[in-house]
Structure formats: C-alpha cells, structure tokens
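> could you work out the structure for the sequence below:
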Amino acid sequence: MSALDSDEYRAFRRDLHRHPEPAWREFYTTARIVEALRERDLTALHVGPDALAGEERLNVPDDETLAEWEDQAREAGADPEILDELSGGYTGCVAVAERGDGPVVGLRVDIDGLPITESEAGDHVPAGEGFRSEHEGFMHACGHDAHATMGLGALDAVLDSDFSGTLKVFFQPGEEQVAGGKPMAESGHLDDVDYLYAVHVGLDHPSGEVVCGVEGFLAVRHFLAEFSGEPAHAGARPEQGRNTVQAMAAAVQNLYAIPRHADGPTRVNAGLVGGGTATNIIPEESHIEGELRGQTTELAEYMSDHADRILGSAAEMHDCEVAVSTLGEAPSATSDDALAGLVRESAGDVAGVTSIVESDDLGGSEDATYLMNRVQEQGGLACYLGVGTDHPGGHHTSDFDVVEDDIGIGIDVIAGAVRRVAETRP
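Residues are numbered from 1 along each chain as shown. All right, here's what the predicted structure looks like:
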C-alpha cells in the first residue's frame, strides 16, 4: 500500500467491500467516502443533487427500493445527515482541492457494486479474512471498492506534495449500469477541468503491471422493450388474444439478424427475456432487456436505430404495442498520448511496478467515456489507465478479488501522474 497510511486504506477498502451497493443505491458507500473526505483539507465537497445533473440519471429504482437501501445503510452505521443529502438516490460526490495556480486536473473513480453472490470459499480472501459482502446477492466483483480507495489515497498523496493547481476527484455512481457517467459529466463540475484521468484495476493484467492508456471502449446502449397485448384462453378463444410472447420472440430473432457493419465490430444481446403467467393464457405482457454495442459511437447508433425499428415492427406484426426505454448508455472514447506518457513516467518511479504497457484494448464498455469526451470537447486531455492485480477470478465472478498491495501501487502511479500534469501542462 501507499506509504501515507496503508492500514487506513486497507480498512477503508474492506469496509466498502462489506457493503456493496448497485447503481443509485450507493448510500453507505457514498456516506463513508464523504465522512473520509470531510477529514481532509478540501476547498469544496459536492454531495447529493449538487454532484450530479439529476435529470440525466437513467434507470433509477423506485422509491420503495431506494428507501430499503437507504434504511440498510442507516442500520449499518452510515451518517444519517449525509444520508439525508443522498435521499432519492443522488449518490456519488465530487471533492475539490485548490492548491495555488495551475491546471485543473480531474480523477474519476467509480463506486458501485454488482448483483452477484460472493464466494464463501475459504481460499477467497474476503471470506477467509472476514470482510465478505454483508449484502447477500451483491458484491464488489469488479474492484470499485479498490477504485474508491485509490481516489482517496491519490487525493491524500497529491495534498501531501508540492502540487500547484486544482484537483477534482469524481466518485461516480452507477458505472455497472452505464447510468452514472452522463449525469456526472453534465453536472458542470467538468467544465473547468483541463486534464482528466480515470482508472481501473485488473483488466486481466497481473500485479506489478501498469497500462498507460486504455483504448477500445465499445459504445453501448442498454434497453428495455415492454410488449403489451391482450389476454385470452389459449384453448377456447386463442383468436381473441394478442400474444406478446410471439412479438417478443420475433424481435429477439431479428435483433440477432441485424447486419454486421463494415466499419467495425458491432454487438447485440437479448440478455433477459420473459413474459406470460400460465400455459393456458395468451400472454398480455412480455419484455426484453438487452444491450447494443459498437466499436464507435456511430456504430452503436447504427445498431440502436435498427433495434428500435425491429422492436416496433415485431410488435406491429403480432398486433401488440411496445414501449422501448434506455436504461443506460455510454459513448466510445480514446486516451490522449500526452497523458499516457505521464503515466508511463510516473509508473517508472513507483516501487512494485515491474512492467509498463503502453496501451491495451478494453474490449468492453465504460461510462467514464462521458467524462473523457466532455473534457476533450472543451480542448482538454483525458486518459484511462489500468493498474494490474492478480485477481483469482475474472471480473464479474463470485471469486473476484484484488491484491491489496496493488491499491497502493495505483495510488502512487495516479498521484505521480497528476503531479506531472501540473509540472508540464502537456
């Protein structure tokens, strides 16, 4: 871990790991981050609706679900006054530290968990050492607990240095549902950011390896198609029904038939489908929850346009209606070489770094791209870096974990890169 206070960061990460929370329900997580940040010498701390463009939030749970998670956080010991600020699912926060003249540098870390049941095996470190998830059916299976800890540690390291400029750390909710990046990007807090780093742990890179500039972000859209029709007795009066399962099935088949595009890879997946209530009832309601991806934002839009047409046509074919909504989305992005170069320089000075990789393709999607694009559109630079760790299971699996010493490597690499931005202003 970082030389600043490894025990503190280890305890902080383990606390977050015990309390994983999905998108817009990161009440305990945000409260603990805010508690820690209020102990730091900050210029400003934006919490709740002040941290987000609330109207841009997607796939926000209903009030009852939000209340259940908020109550759970309160029972776990989260500060009730902070929870009041987060009420309604306005999770996440932005820390601002002004330290004299210089550029405004941003750091984005994500904080949400996943709906996966964590392993109870004795060789799974969180289970063996007593910090396995206390929220059954949910866990930090992608390292966002480590990311939040890196954000806190990098802030400390920069504050403890001769850094001149402003550092903003964006603790972003809702990445796993690609629902939190846009609200944070549109919050106004990115408008003066000159340089932005985002970070991810693991990504199939081993402990000691640092990836200076991650590329290959697939643009993505998560959608929900809800078909509505008319029920009827399937044996006695089938002609009186309007069968939504037929419409749903036709849509699924034709979604997978969208022509591939010559300009690059495209993807489609109908991940969740369902409908009907009994074998002898014509089903009046069915649904598809799926995703569309493209190598570029334009290719994802190509897939999305075709999908919307197919969903509507399938409903019409079977005399049904369909309502299509977007649950989450993110554009593609690229890392700027100048900032990746500073990561390389920083990594070369960090103990524990044994391998430096110039770039690698993510092969998936990430809504940090909204923040990256926002800064780049304003004439700034952005970079997504990777910190390797020997995770025993793959990302999004029940036995995923991180080597805690690698969190310290990440802290030192990030802090060094931020300081170099202020010194060189690339």
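> helices of the protein, start to end?
Along the chain, counting by DSSP state H, helices occupy 6-18, 27-37, 63-75, 80-86, 125-128, 144-159, 181-185, 244-255, 297-317, 337-348, 368-377, 404-424.
> so which of those helices gets nearest Thr279?
Minimum separation from Thr279 across the helices of the chain (C-beta to C-beta) falls at helix 244-255, 11.3 Å. For glycine as for every other residue, the C-beta is placed from the backbone atoms N, C-alpha and C.
> name the helices or strands packed onto the closest one?
strand 219-228, strand 266-275, strand 285-294, helix 297-317 (3 or more C-beta pairs under 8 Å, 6 or more residues apart in numbering; DSSP states H and E).
> can you give me the buried ones in it?
Residues 244-252, 254-255 are the ones in helix 244-255 that count as buried (16 or more other C-beta atoms under 10 Å).
> average pLDDT across that helix?
Per-residue pLDDT over helix 244-255 has a mean of 98.
> using CSV, list the CA coordinates for that helix.
Extracted in CSV, the C-alpha atoms of helix 244-255 (Å, rounded to 0.1, in the frame of the first residue of the first chain):
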residue,chain,number,x,y,z
THR,A,244,-46.8,-10.7,-26.7
VAL,A,245,-44.5,-13.7,-26.5
GLN,A,246,-44.9,-14.1,-30.2
ALA,A,247,-43.9,-10.5,-30.7
MET,A,248,-41.0,-10.8,-28.2
ALA,A,249,-39.7,-13.9,-29.9
ALA,A,250,-39.9,-12.4,-33.3
ALA,A,251,-38.0,-9.4,-32.0
VAL,A,252,-35.3,-11.5,-30.4
GLN,A,253,-34.7,-13.5,-33.6
ASN,A,254,-34.5,-10.4,-35.7
LEU,A,255,-32.3,-8.4,-33.3
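> picking up where we left off before, want to throw the buried residues of helix 244-255 into CSV with distance to Ser6?
Converted to CSV, those look like this (distance: C-beta to C-beta, whole Å):
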residue, distance to Ser6
Thr244, 56
Val245, 56
Gln246, 60
Ala247, 57
Met248, 52
Ala249, 55
Ala250, 57
Ala251, 52
Val252, 50
Asn254, 55
Leu255, 49
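> which one of these sits closest to Phe223?
Leu255 (10.0 Å).
> quick check: that closest one touching Ala270?
Yes - Leu255 is in contact with Ala270 according to C-beta atoms under 8 Å; the separation is 5.9 Å.
> joint contacts of those two?
Here Leu255 and Ala270 have 288, 290 as joint contacts, going by C-beta atoms under 8 Å, 6 or more residues apart in numbering.
> quick check, central residue of the chain?
Glu175 (1.6 Å; C-alpha atoms, centre = their mean).
> give me the beta-bridge partners of the residue lying closest to it once chain neighbours are set aside?
With C-beta to C-beta, 6 or more residues apart in numbering as the criterion, Glu175 has its nearest non-adjacent residue at 3.8 Å, and that residue is Asp110. Note on Asp110: beta-bridge partners by DSSP bridges are Gln172.
> so Pro61 versus Trp24, what's the distance?
Look at Pro61 and Trp24: by C-beta to C-beta, to the nearest Å, they are 6 Å apart.
> between those two, who's got more neighbours?
Neighbour totals were compared for Pro61 and Trp24, and Trp24 leads with 28 against 15 (other C-beta atoms under 10 Å).
> over to the residue nearest to that one when sequence neighbours are not counted: give its phi and psi.
Using C-beta to C-beta, 6+ apart and skipping the chain neighbours, the partner closest in space to Trp24 is Gly89 (3.7 Å). Phi and psi for Gly89, reported as degrees, to the nearest 10, are phi 90, psi 20.
> give me the pLDDT value at Thr296.
At Thr296, pLDDT is 96.
> thought Cys93 was touching His46?
Yes - between Cys93 and His46 there is a contact at 6.2 Å, judged by C-beta under 8 Å.
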